[in-house]
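In: just need the structure, nothing else, for what follows:
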Amino acid sequence: MQDVMKEISKESDTREPKLTTNDAGTMTVVRAKAMSIFPEFYNRAKFHWPVTLASRIGHIGSTSMTSIQELRDNQDNISLARDERKLVILDKKLRKPVEIPSRQSEMMKLLESEEKPLLINLPLPSGDVFKHNVYVRPSDTDMLHHVNQATWLQYCMDSAATGATKGYFQNFKIDPLALPVLKVQVVYSQEGFPGDVLSVSCWEDKERDDSLFFEITNTGAGKTCVSCCIKFGKEVL
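Out: A predicted model of the protein is given here:
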């Protein structure tokens, strides 16, 4: 299941619209994402399966935009998965948002398909929390030299699997990696770099027995890097 999530995330990276500026000192990063993998994906998945991944522009803001990717079955056009992410332009040196150039913003607004921006609100750790540390390796990073957005999800899934196999959770008695992932919500707040020591917290919500929540903090800076919620299906793959 972990490989499926990473492949969809990586494929979306190659298809999403790119924000560019005349300033070589900027970069585009993922600020938040909401990904849904529908039951039809798991029911139909097979080798040499003809599918289409379409991408479009959602909401356009002053320093960000929403990119939406959707995976559909070529035979009947049924939606199999949907990935919505908020992209932000950052100054490479200051690591702060900069405005989208007016000309590019005007051009993209002609293609804007959704009025509302992507908003994700996730809870803070509560109750019994399973914690463990992760050391960021160079292989965890991407071309921007920071932890790749898909790798943060891998940290979360590894934490869920470790906690479950140690019998820490009430609702997940088996390894969550054996279950289908139905929905993922992530907010990326801080970057991670090689050598960083991260604390990964994972906990359950008694009112949502199908979900696990995560918070990843930088132990050196004491700041939250990532908040995440993963919803799982009930049937083992």
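In: in the chain, what residue sits furthest out from the centroid?
Out: Going by Cα atoms, centre = their mean, the residue of the chain most distant from its centre is residue 103, 29.1 Å out.
In: wasn't it part of a helix?
Out: Yes. Assessed with DSSP: H, G, I helix; E, B strand; the rest coil, residue 103 lies in a helix.
In: ok, it to residue 90 distance?
Out: 20 Å (Cβ to Cβ, to the nearest Å). C-beta here means a position set from N, CA and C on the backbone, and glycine is covered the same way.
In: for residue 207, give me the pLDDT.
Out: pLDDT recorded at residue 207 is 81.
In: tell me the phi and psi of it?
Out: Residue 207 has phi and psi values of phi -80, psi -10 when expressed as degrees, to the nearest 10.
In: how about residue 83?
Out: The phi/psi pair for residue 83 (degrees, to the nearest 10) is phi -130, psi 120.
In: wait, it touches residue 56, no?
Out: No. Residue 83 is not in contact with residue 56 according to Cβ atoms under 8 Å; the separation is 11.4 Å.
In: in the longest helix belonging to the chain, which residues are buried?
Out: Criterion DSSP state H: the longest helix present in the chain is helix 149-165. Neighbour-count burial for helix 149-165 flags 149-161, 163-164 (criterion: 16 or more other Cβ atoms under 10 Å).
In: check stretch 121-129 too.
Out: Within stretch 121-129, the residues that count as buried by 16+ other Cβ under 10 Å are residue 125.
In: identify the residues contacting that stretch?
Out: 168, 185, 187, 201-206, 213, 215, 227-229 (Cβ atoms under 8 Å, 6 or more residues apart in numbering).
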